[in-house]
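A.B. asks: Mind looking at a prediction? Sequence and model below.
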Amino acid sequence: MNATVGDRLHVHGSTVGERDRIGEIIEVRGTDGGPPYMVRFDDGHTGLVFPGPDAVVEPK
(Lines give C-alpha, C1' and ligand atoms only; values in the text may rest on other atoms or scores of the structure.)
Protein backbone atom coordinates (compact mmCIF):
# COMPACT_ATOMS: atom_id res chain seq x y z
CA MET A 1 0.00 0.00 0.00
CA ASN A 2 1.42 3.37 -1.05
CA ALA A 3 -0.01 6.85 -0.55
CA THR A 4 0.84 10.51 -0.85
CA VAL A 5 -0.33 13.50 1.15
CA GLY A 6 -3.84 14.45 0.02
CA ASP A 7 -4.96 10.91 -0.82
CA ARG A 8 -7.99 9.53 1.02
CA LEU A 9 -7.94 6.49 3.25
CA HIS A 10 -11.16 4.48 3.17
CA VAL A 11 -11.49 1.96 6.01
CA HIS A 12 -14.42 -0.39 5.50
CA GLY A 13 -16.58 -1.33 8.50
CA SER A 14 -15.65 -4.77 9.79
CA THR A 15 -19.05 -5.77 11.21
CA VAL A 16 -22.64 -5.45 10.05
CA GLY A 17 -23.95 -1.98 10.81
CA GLU A 18 -20.52 -0.42 11.37
CA ARG A 19 -19.98 2.60 9.13
CA ASP A 20 -16.96 3.06 6.92
CA ARG A 21 -14.38 5.63 8.01
CA ILE A 22 -12.94 8.00 5.44
CA GLY A 23 -10.19 10.51 5.98
CA GLU A 24 -7.49 12.55 4.28
CA ILE A 25 -3.87 11.48 4.60
CA ILE A 26 -2.06 14.52 5.97
CA GLU A 27 1.35 12.92 6.59
CA VAL A 28 3.15 9.81 5.33
CA ARG A 29 5.58 8.48 7.93
CA GLY A 30 6.70 5.29 6.20
CA THR A 31 9.33 4.96 3.50
CA ASP A 32 8.42 5.25 -0.18
CA GLY A 33 4.79 6.15 0.57
CA GLY A 34 4.20 3.22 2.90
CA PRO A 35 2.38 3.24 6.23
CA PRO A 36 1.94 4.46 8.88
CA TYR A 37 -0.15 7.47 7.89
CA MET A 38 -1.39 10.44 9.87
CA VAL A 39 -5.05 10.72 8.87
CA ARG A 40 -7.67 13.41 9.52
CA PHE A 41 -11.01 11.61 9.44
CA ASP A 42 -14.26 13.22 8.32
CA ASP A 43 -15.50 13.32 11.93
CA GLY A 44 -12.57 15.63 12.84
CA HIS A 45 -10.51 12.96 14.61
CA THR A 46 -6.81 12.83 13.68
CA GLY A 47 -4.71 9.77 14.32
CA LEU A 48 -1.79 7.60 13.28
CA VAL A 49 -3.06 4.67 11.22
CA PHE A 50 -1.41 1.38 10.29
CA PRO A 51 -3.98 0.28 7.66
CA GLY A 52 -5.11 -3.33 7.58
CA PRO A 53 -6.66 -5.42 4.81
CA ASP A 54 -9.97 -3.58 5.24
CA ALA A 55 -8.45 -0.26 4.10
CA VAL A 56 -8.02 1.21 0.61
CA VAL A 57 -6.05 4.28 -0.49
CA GLU A 58 -8.02 6.44 -2.92
CA PRO A 59 -5.67 8.69 -4.94
CA LYS A 60 -6.46 12.41 -5.06
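C.D. replies: That came through, no problem. Since the structure is predicted, the reported quantities are computational estimates derived from the model, not experimental observations.
A.B. asks: May I have the residues that are in contact with residue 56?
C.D. replies: 9, 10, 12 (Cβ atoms under 8 Å, 6 or more residues apart in numbering). Glycine gets a C-beta too; all of them are placed from N, C-alpha and C.
A.B. asks: Most neighbours among these, which one is it?
C.D. replies: Of all the contacts of residue 56, residue 9 has the most neighbours under the rule other Cβ atoms under 10 Å, reaching 22 neighbours.
A.B. asks: Can you verify that one is assigned to a strand?
C.D. replies: Yes: counting by DSSP: H, G, I helix; E, B strand; the rest coil, residue 9 is part of a strand.
A.B. asks: what does the model give the residue nearest in space to the middle of the chain for pLDDT?
C.D. replies: Centroid-nearest residue in the chain, with Cα atoms, centre = their mean: residue 9, separated by 3.1 Å. As predicted, residue 9 sits at a pLDDT of 98.
A.B. asks: can you check residue 32 too?
C.D. replies: Value for residue 32, per-residue pLDDT: 95.
A.B. asks: in this structure, which spans are strands?
C.D. replies: 8-11, 21-28, 37-41, 46-49, 55-58 (DSSP state E).
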